[in-house]
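Sequence first, predicted model second:
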Amino acid sequence: MAAVTLICRPAGVLPKLSGTCSPVLLAAGPVTVQHRKIHHAVVPKGKGGRSSSSGVAATVFGGTGFLGRYVVNRLGRMGSQVVIPHRCDQYDLMYLRPMGDLGQIIFTEWDARDKESIKRAISHSNVVINLVGREWETSVAKAIVNAIKDPDANGKTYALVGPNRYLLHDLVEYIYALSHRPYLAYPLPRPLYHLIARFFEMNPFEPWTTRDKVDRFHTTDMKYPDLPGLEDLGIIPSSIEQKAIETLRRHRRYRYLDAEIGETKPAKTVSY
């Protein structure tokens, strides 16, 4: 579940531009509001699109991740300047460059333990988005951009979760069943998975799995009925049964290409 908190409105959607602007933070936790002179990137101009200026100058932490690339693409598509702090090789950033107009996608190295590098990364931005470690679907990326453009989202916290809740095991089982391919599970107690993950954590290179990842595989999204969600941002969430076939049909064997979706038992949902 993605919890998105909007602290203040970006300068690009203000009816009038003043001499100062404050950042928007799309993350949970303490917030420090900065006051500084307006940067040219936050002055809207043009008719819209990648070659215009939306008035949004956004710093996207985790922009190279699964969800981050979709957020960066949507921001670039609407003509935003995007600063992407990164900790990876330059070659891993090449696919992000075409997502915005020339000079609008800016990369800067940063260290999560170095406060000065964080300050440099957000020094000219009026929107700050924290997506470090996030692995949600693209509808969440659209929701984040919609929240940035919505003046009424100022100061609100959104719970971005779909219509149904699943455990990873049940999702994987459904994907194999819909693809008409055999699925062999390895049902082991979680403490044993923890022991295996601890062994991988000793690897001096990037570990294949960790104890934290094992715990996340055994949890599911939480619903918060009292908080606004995807619908309040103009997004109608779709169930996995509605969308999965669009991708998985190509992975079926020839004899099952025309098999109906109804032949596959729906994925088991979580109600607790």
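Thanks, I have it.

what ranges do the strands span in the stretch 1-150 of the chain?
Listed in chain order, the strands of the stretch 1-150 of the chain (DSSP state E, counting those that start in this stretch) span 2-5, 24-26, 57-61, 81-86, 105-109, 127-130.

Worst mean pLDDT among those strands?
Lowest mean pLDDT within the strands of the stretch 1-150 of the chain: strand 24-26, a mean of 45.

mind listing what the nearest residue to residue 245 once chain neighbours are set aside touches?
Nearest non-adjacent residue to residue 245, counting by Cβ to Cβ, 6 or more residues apart in numbering: residue 261, 5.5 Å away. Where C-beta positions appear, they are placed from N, C-alpha and C, glycine not excepted. Each residue near residue 261 by Cβ atoms under 8 Å, 6 or more residues apart in numbering is listed here: 178, 241, 245.

Give me the mean pLDDT for the one helix or strand residue 243 maps to.
Taking DSSP states H and E as the definition, one finds residue 243 inside helix 240-248. Helix 240-248 shows a mean pLDDT of 84 in the predicted model.

Mind jotting down where the helices sit in the stretch 1-150 of the chain?
Applying DSSP state H, counting those that start in this stretch to the stretch 1-150 of the chain gives helices spanning 66-77, 115-122, 138-149.

pLDDT averaged over the second one - what is it?
Per-residue pLDDT values across helix 115-122 average out to 92.

Report all helices and strands that it contacts.
strand 57-61, strand 81-86, strand 105-109 (3 or more Cβ pairs under 8 Å, 6 or more residues apart in numbering; DSSP states H and E).

With mean neighbour count as added columns, please give those in JSON lines.
Compiled in JSON lines, these are given as follows (neighbours: other Cβ atoms under 10 Å):
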{"stretch": "strand 57-61", "mean neighbour count": "28"}
{"stretch": "strand 81-86", "mean neighbour count": "24"}
{"stretch": "strand 105-109", "mean neighbour count": "16"}
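
right, and residue 57 touches residue 80 too?
Yes: Residue 57 lies in contact with residue 80 (Cβ atoms under 8 Å); the separation is 6.9 Å.

Now the residue nearest the centre of the chain: closest residue in space that isn't a chain neighbour?
What sits nearest the mean C-alpha location of the chain, by Cα atoms, centre = their mean, is residue 67, with 3.2 Å. Excluding the flanking residues, the one nearest residue 67 by Cβ to Cβ, 6+ apart is residue 134, at 4.6 Å.

before we move on, what about residue 223?
The nearest residue in space to residue 223 (Cβ to Cβ, 6+ apart) is residue 161, at 5.8 Å.

Tell me if I'm right that the one you found and residue 222 touch.
Yes: between residue 161 and residue 222 there is a contact under Cβ under 8 Å: 7.4 Å.

quick one: which of those two has more around it?
More crowded of residue 161 and residue 222, by other Cβ atoms under 10 Å: residue 161, with 21 against 11.

Any chance of the backbone angles for that one?
phi -140, psi 150 (degrees, to the nearest 10).

So what's the predicted local confidence for it?
Looking at residue 161, its pLDDT stands at 82.

What of residue 62?
Looking at residue 62, its pLDDT is 90.

hang on, isn't it packed against residue 121?
No: with contacts counted by Cβ under 8 Å, residue 62 stays clear of residue 121, the gap being 11.9 Å.

which one of the strands of the stretch 1-150 of the chain lies closest to residue 165?
strand 2-5 (13.6 Å; Cβ to Cβ).

The stretch 151-272 of the chain: strands as residue ranges?
Secondary structure of the stretch 151-272 of the chain by DSSP E, counting those that start in this stretch: the strands cover 157-160.
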